[in-house]
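> need a structure here:
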Amino acid sequence: MNNIPSLATYLNSLRPGENILLEYNKPFLSHIAFYIISKHFLNKEYPIIIDDLLDTLYVYKSQLEFAGIDTKFLESEQVFVIKVGGRKEVGRVVGKIKIHPDFYVHKENYNRVFMRVLKSGKYFINIVLGFDKRIALTQDAYNKYSLLLNKSRYLGNKKRTSIYFVNTGILKGSPLALPYLEEISTNVVMIDKKDSSVVIKILKSPLPELNDRVFEFDIKNVEEFVRRYLK
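Predicted coordinates:
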């Protein structure tokens with residue numbers, strides 16, 4: 001598990017105000033990554049805002065429980081869930097927002113809740129789940145562009161560091177979305193699987209020494225790490 005402490009060091013290098021794009025194309029890895037990242041920052045006593053778009057958090061929670069991993073951390077007072085669309089409420093939901101066909105109405109509804117949470121603390125990790133589905137389901141080109149453009153709105157806001165989980169397969173029907181998200185992100189990280197190993201590659205970082213850095217470890221070691229060190 002020599003690479004796992006190095007991965008924790010990388011997470012600690014993320015700075016307030018950054019946007020991190022976490023890409024994957026094999027969905028079975030994403031819920032484990034979500035758990036590791038959430039527990040890492042909660043163990044460091046950083047509160048977390050989870051943007052739960054279209055019931056994605058419910059899917060992640062279910063997958064973790066089927067894997068025998070405790071999900072009680074989602075009920076922590078340090079976790080704030082903003083639910084956007086969907087019907088399955090998971091964790092401490094502090095605001096519910098219906099998806100509105102007019103992007104600007106939707107944006108104002110979301111900002112009202114998000115800024116209220118931001119004002120309640122000094123600094124947050126903001127994990128965004130399901131944004132890829134939101135993009136894919138937005139048919140109007142103008143609204144889709146506005147939705148993407150809005151992601152740079154909080155870049156540089158040092159009260160939060162955002163981490164977007166994105167399934168690249170879902171975005172294939174929106175060819176401009178992924179390149180744009182990569183451009184406005186300060187860090188781009190790809191999670192993949194190679195034989196029996198998990199491969200994490202840093203595609204983009206503001207720190208030159210981290211660009212193209214690769215972490216690779218056996219899947220069994222990841223499972224052991226999750227169970228032994230992230231309780």
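
> What helix or strand is Val69 located in?
Small correction: residue 69 is Ile, not Val. Ile69 belongs to no helix or strand when assigned by DSSP states H and E.

> what do you get for Gly156?
With DSSP H and E as criterion, Gly156 is part of no helix or strand.

> Enumerate every residue touching it.
Under the criterion of CB atoms under 8 Å, 6 or more residues apart in numbering, the neighbours of Gly156 are Gly17. C-beta: built from backbone N, CA, C; applies to glycine.

> Can you tell me the element the spatially closest residue to Lys204 that is not a sequence neighbour falls in?
Counting by CB to CB, 6 or more residues apart in numbering, Val188 is the residue found nearest to Lys204 once chain neighbours are left out, at 3.9 Å. Counting by DSSP H and E, the element that carries Val188 is strand 187-194.

> Could you do Arg134 as well?
Here Arg134 sits within helix 131-137, counting by DSSP H and E.

> and whichever helix or strand comes after that helix, how far from the chain's centre?
For helix 131-137, the following helix or strand on the C-terminal side (DSSP H and E) is helix 141-149. In terms of CA atoms, centre = their mean, to the nearest Å, the centre of helix 141-149 is found 20 Å from the chain centre.

> tell me what helix 141-149 is packed against?
In terms of contacts (3 or more CB pairs under 8 Å, 6 or more residues apart in numbering; DSSP states H and E), helix 141-149 is packed against helix 103-118, helix 131-137, helix 177-184.

> buried residues in that helix?
143-144, 146-148 (16 or more other CB atoms under 10 Å).

> Just name the closest of these to Gly68, please.
Leu147 (36.3 Å; CB to CB).

> how near is the closest one to Pro175?
Distance of Leu147 to Pro175, computed by CB to CB, to the nearest Å: 15 Å.

> residues in contact with the host helix or strand of Ile125?
Assigned by DSSP H and E, Ile125 belongs to strand 124-129. With contact meaning CB under 8 Å, 6+ apart, strand 124-129 is reached by 34, 37-38, 41, 46-53, 56-57, 60, 80, 117-118, 154, 159-165.
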